[in-house]
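build me a structure from this.
(2 chains)
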2 protein chains.
Amino acid sequence: MPDLDHTFAALSDPTRRAILSRLARGEATVMQLAEPFAMTQPAISRHLKVLEGAGLIVRRAEGTRRPCRLAPEGIAAIDQWLGLLREALTRNYDRLDALLAQGLPEKPGLPEKTEETP
Amino acid sequence: MPDLDHTFAALSDPTRRAILSRLARGEATVMQLAEPFAMTQPAISRHLKVLEGAGLIVRRAEGTRRPCRLAPEGIAAIDQWLGLLREALTRNYDRLDALLAQGLPEKPGLPEKTEETP
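Residues are numbered from 1 along each chain as shown, chains lettered A, B, ... in the order given. All right, here's what the predicted structure looks like:
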């Protein structure tokens, strides 16, 4: 089970996000990843270590090469967490739509109970 | 347009994720947020400042209160970025399914071209 703290922290770096975007197109080695980024292989390796620790990529051994690919579990974990916020926003929109359809005046925030001034 | 570096960094903290989960249930003030977390209001305010800077929440003025709610744009931005990885994983599974359906041996990574040893 990936730790969401590490997962989101790993995603906060633009190079690491670019590496993941590249891996979305298919498996790649450190050498293949280093080329488009104009970075040294050790620098890329450090980023890969963070991504691996965060459960976002997996590596396999193929002779002396260690190609990387996306880890479905890590991506599913953040996706699941985000899903809760996504659903909440959809519900709020639906509630607003329903109120507007009833012809009630729109009010930001739509508090369920307001304190009335006597 | 929210900056993804800040957005993902803001999500790497468990308290900030818990605040967002709470706001998924509806708008809340600093006082309402501070209660379940057993944190001081200044501590919560600091987290809210980070979330607001990251484009994940918005605040409105209501007299002396400044209730917070989720910012749909910020959540849509990370969701869109994640969508690219999600699609890539779905494509890979489909490709693997197609190969397995043809009775070809499964091979991890499925490189499109391999260098052959002469």
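
let me know the pLDDT of the most centrally placed residue in chain A.
Among the residues of chain A, the one closest to the centroid is A:Ile78, at 5.5 Å (Cα atoms, centre = their mean). Listed pLDDT for A:Ile78 reads 91.

the residue lying closest to A:Arg17 once chain neighbours are set aside: how many residues sit nearby?
Sequence neighbours aside, A:Leu11 is the residue nearest to A:Arg17 in space, at 6.1 Å (criterion: Cβ to Cβ, 6 or more residues apart in numbering or on different chains). Backbone N, C-alpha and C define where each C-beta goes, glycine included. Using other Cβ atoms under 10 Å in any protein chain shown, A:Leu11 has 25 neighbouring residues.

report pLDDT for A:Leu11.
pLDDT at A:Leu11 comes out at 97.

same question, A:Leu84
At A:Leu84, pLDDT is 86.

who's in contact with it?
A:Leu84 makes contact with B:Ser21, B:Ala24, according to Cβ atoms under 8 Å, 6 or more residues apart in numbering or on different chains.

how about the helix or strand hosting it: buried residues?
Assigned by DSSP states H and E, A:Leu84 falls within helix A:72-101. Buried residues in helix A:72-101, counted by 16 or more other Cβ atoms under 10 Å in any protein chain shown: A:72, A:74-75, A:77-79, A:81-82, A:85-86, A:88-89, A:92.

circling back to that earlier point, please name the nearest non-neighbouring residue to the residue nearest to the centre of chain A.
A:Thr7 (5.6 Å).

what's near enough to touch the one you found?
Shown in contact with A:Thr7 (Cβ under 8 Å, 6+ apart): A:Ala54, A:Gly55, A:Leu56, A:Gly74, A:Ala77, A:Ile78, B:Ser12.

still on that earlier bit, these two touch, right, the residue nearest to A:Arg17 and B:Asp5?
No - using Cβ atoms under 8 Å, A:Leu11 is not in contact with B:Asp5, being 9.0 Å away.

give the contact list for the residue nearest to the centre of chain A.
A:Leu4, A:Thr7, A:Phe8, A:Leu11, B:Leu82.

is the second one in a helix, a strand, or coil?
Using DSSP: H, G, I helix; E, B strand; the rest coil, the secondary structure recorded for A:Thr7 is helix.
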